[in-house]
Structures are given as C-alpha cells and as structure tokens.
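1. A structural model of the following input is requested.
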Amino acid sequence: MAYTQIERRCPVWVKILLGLSLAINLGIAGLVGGIALSGGSLGGKGPGMGYAMPYVLALPQEDRRAVFGVVRGNRDLPGRGVRRAVYGEMVALLKADTFDRAAVTAILERQARGVEQVQSVAQDEWLDRVAAMSDEERRAYAERVEEVVAKGGPRKSRKGD
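-> Numbering: from 1, shown residues only. Coordinates of the predicted model:
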C-alpha cells in the first residue's frame, strides 16, 4: 500500500495578514523604543537623564563602557533579578485591599539605598577616569558635558565618538 503525501499550503490571505501583523508590531516596538531612548514623554526628565548621567554619557565610549561595566560587574549591588523582585513586592502591596504605608515606605527606602550604592560605585569609577585625564582632555570633556546637558543625551550631541 503506497502512501501519498498531501501538500497543505497556507492561504495567501493568511500570509498577508501575518505580514501586516508583524509590520504593525515592529512599528509599535520602534515607536516605544524611540520614545524611551529620546527621554520619553517626560521631556528628558525620566530615568534616562538623571543628575549623574550627563557626566557618564559625555565620557569617551571606552570610559563609558568601563563605568557601566564596573556597576554591572559589582556583585555587592542589587542585580536585575533582585530589583525585579522588589518591584513585584511593590505591585503586590499596591494591589492589596488595604494600603500598607509602612511596607511601601520600606520598599522605597530599600530601592533608594540600592540607587545610592550604584551611584557610589559609578561615581568612584567616574572620578578615577576624570582624574586620569590631562588638562586638555578634561576641558574637552567639560565641553561634551555641556553639550549633553544642553541637548538631552549623547545621540543628539555626539556624532563621531
């Protein structure tokens, strides 16, 4: 007994529908990513451009990577999983039937300590980098800091780095 293979083809309208769906999803992802990278709807006042970020963003690329690398590589700092878990705790508290102000305050304080730890580690590495600059390099760096602050980020002020 011979078996014949039946060829099943996907209808053209399904392929078109899937292509349109993919295009729409990519468009939305690009829009959201663009807003996030450009400072968002907060006009650059969101988490992307804090007080310390212009200093780091104005550094030459290899120094920027080194500062971020020291922060990422520091085992004493809260990692992404820990931070995500804390957000989960906060969400659970916010969804609870009764608002526990003390527990919410404790989480906010824990998050603030984490931010302080990260800033301290990054600041130490940044200071080492700036201290190692020559006077001329430091002056050029100061001008880049001014540009980053004036324009809101590295993409708008630095083309050839």
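2. Which segments of the protein make up each domain?
-> For the chain, the structural domains run 9-38, 42-155, going by automatic domain parsing.
3. pLDDT averaged over the first one - what is it?
-> This points to domain 9-38. Averaging pLDDT along domain 9-38 yields 65.
4. thinking again about what came up before, among the domains of the chain, show the one with the smallest mean pLDDT.
-> domain 9-38 - the lowest mean pLDDT of those, at a mean of 65.
5. before we move on, back to that, redo the domains of the chain as TSV? Include mean neighbour count.
-> For the C-beta atoms, the positions are set from N, CA and C on the backbone; glycine is no exception. Listed next are the domains of the chain as TSV, based on neighbours: other Cβ atoms under 10 Å:
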stretch	mean neighbour count
domain 9-38	10
domain 42-155	13
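6. Give me the contacts around stretch 76-87.
-> 71, 107, 110-111, 114, 117-118, 121 (Cβ atoms under 8 Å, 6 or more residues apart in numbering).
7. Show me which of the residues you listed is closest to Ile24.
-> Using Cβ to Cβ, Gln111 comes nearest to Ile24 of the contacts of stretch 76-87, at 35.4 Å.
8. What is whichever helix in the chain runs longest packed up against?
-> The longest helix of the chain (DSSP state H) is helix 101-131. Secondary-structure packing of helix 101-131 (3 or more Cβ pairs under 8 Å, 6 or more residues apart in numbering; DSSP states H and E): helix 53-57, helix 61-73, helix 80-95.
9. could I get the contacts of stretch 76-87 as CSV with distance to Arg80?
-> As requested, the contacts of stretch 76-87 are arranged in CSV below (distance: Cβ to Cβ, whole Å):
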residue, distance to Arg80
Val71, 12
Ile107, 17
Arg110, 15
Gln111, 14
Gly114, 11
Gln117, 14
Val118, 12
Val121, 16
